[in-house]
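J.: sequence? don't have it. structure:
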């Protein structure tokens with residue numbers, strides 16, 4: 001079950017080695033548990049960084065899992081049960097780690113599952129990460145994700161376009177839709193800077209939990225932000241760009257396609273400051 005969480009073959013900056021934990025419904029997963037999932041691709045997930053046994057934006061992660069379960073399976077597990085599965089994994093690992101919680105239906109894929117089939121939770125932990133240092137260069141690729149509001153597994157296009165971009169001398173790929181609007185990058189949300197406000201692109205996309213954290217904390221800090229359709233022709237007028245995901249609230253982007261962008265350190269610093277303002281919460 002692929003969840004497309006690797007930027008490249010290299011270990012991201014900030015990783016530390018730790019023994020991985022893989023649990024199904026709060027207990028150590030066996031080979032029999034995992035065998036039917038090895039070739040499955042109908043599931044959704046959320047990924048988070050755990051520091052000191054706590055996470056930022058826990059409410060956003062729970063909301064993501066809840067809404068995606070209703071979309072894919074017609075029902076969702078109670079938040080308390082999901083939290084108990086997260087706690088079980090955290091108790092089995094170090095204080096700082098990366099955690100991925102994947103929700104799937106035991107009915108499998110290519111079947112019609114009734115509402116009586118309850119979803120299950122697979123939790124995996126790994127080394128803590130803070131993402132690449134950047135700045136990054138992004139290739140521009142026309143691509144629209146299926147069910148863009150759901151963080152679902154098995155998205156071959158993301159890895160394919162990432163590898164194509166690297167082969168062309170870029171670090172990753174930024175997606176534009178059929179109307180030429182930037183939406184997101186392979187495993188990242190995009191954010192831009194106009195010199196005075198944070199600019200969030202308008203298009204069909206996955207709303208990231210880190211993006212949600214940053215947006216509400218920017219509001220509390222009084223830092224202006226707005227939404228805008230952003231196309232390639234708009235890039236020269238912008239004063240900076242970043243990518244963000246569960247690893248980091250902002251990695252500078254210095255080029256998209258052939259268009260150079262300023263690194264805008266004050267912009268990146270503001271995003272990191274907003275992220276750090278979000279309190280850590282225990283599951």
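T.: Perfect, I can see it now. All of these numbers come straight from a predicted model, not from anything done at the bench.
J.: Can I take it that residue 173 is in a helix?
T.: No: Residue 173 is assigned strand when assessed by DSSP: H, G, I helix; E, B strand; the rest coil, not a helix.
J.: Specify the beta-bridge partners of it.
T.: Listed by DSSP bridges, the beta-bridge partners for residue 173 are residue 139.
J.: Identify the residues contacting it.
T.: 138-141, 143, 161-162, 164-165, 185-186 (Cβ atoms under 8 Å, 6 or more residues apart in numbering). Yep, even glycine has a C-beta here, placed from its N, CA and C like the rest.
J.: By neighbour count, which of these wins?
T.: residue 185 (28 neighbours; other Cβ atoms under 10 Å).
J.: I'd like to know the phi and psi angles of it, please.
T.: Phi and psi for residue 185, reported as degrees, to the nearest 10, are phi -110, psi -170.
J.: I figured it hits residue 243, correct?
T.: Yes: taking Cβ atoms under 8 Å as the definition, residue 185 is a contact partner of residue 243 at 5.2 Å.
J.: For residue 246, grab the count of nearby residues.
T.: Residue 246: 24 neighbours (other Cβ under 10 Å).
J.: Chain neighbours aside, what residue packs nearest to it?
T.: Nearest non-adjacent residue to residue 246, counting by Cβ to Cβ, 6 or more residues apart in numbering: residue 47, 4.4 Å away.
J.: and the one you found, bridged to which residues?
T.: residue 100.
J.: Do I have it right that it meets residue 102?
T.: No: contact criterion Cβ under 8 Å: residue 47 and residue 102 do not qualify, at 9.4 Å.
J.: Which pLDDT value goes with the residue nearest to residue 246?
T.: Looking at residue 47, its pLDDT is 98.
J.: Could I get the average pLDDT for the top helix by length along the chain?
T.: For the chain, the helix that runs over the most residues, judged by DSSP state H, is helix 58-73. Helix 58-73 shows a mean pLDDT of 97.
J.: And stretch 165-178, by the same measure?
T.: Rounded mean pLDDT across stretch 165-178 is 98.
J.: List the buried residues for that stretch?
T.: 165-166, 170-177 (16 or more other Cβ atoms under 10 Å).
J.: Repeat that for stretch 29-48.
T.: In stretch 29-48, counting by 16+ other Cβ under 10 Å, buried: 29, 33, 37, 42-48.
J.: In strands, which of these appear?
T.: Secondary structure assignment by DSSP state E places 43-48 of the buried residues of stretch 29-48 in strands.
J.: from those, which is closest to residue 148?
T.: Checking these against residue 148 by Cβ to Cβ gives residue 44 as the nearest, at 12.4 Å.
J.: so who does the closest one touch?
T.: Residue 44 neighbours (Cβ under 8 Å, 6+ apart): 65, 68-69, 72, 102-103, 150-153.
J.: Give me the distance between it and residue 119.
T.: As for residue 44, its distance to residue 119 is 9 Å (criterion: Cβ to Cβ, to the nearest Å).
J.: same deal with residue 50?
T.: 22 Å.
J.: Show me the strands in the stretch 51-200 of the chain, by range?
T.: 54-56, 97-104, 120-126, 136-142, 172-176, 182-185, 189-193, 198-201 (DSSP state E, counting those that start in this stretch).
J.: can you give me the offset of the third one from its chain's centre?
T.: Between the mean C-alpha point of strand 120-126 and the mean C-alpha point of its chain there is a distance of 15 Å (Cα atoms, centre = their mean, to the nearest Å).
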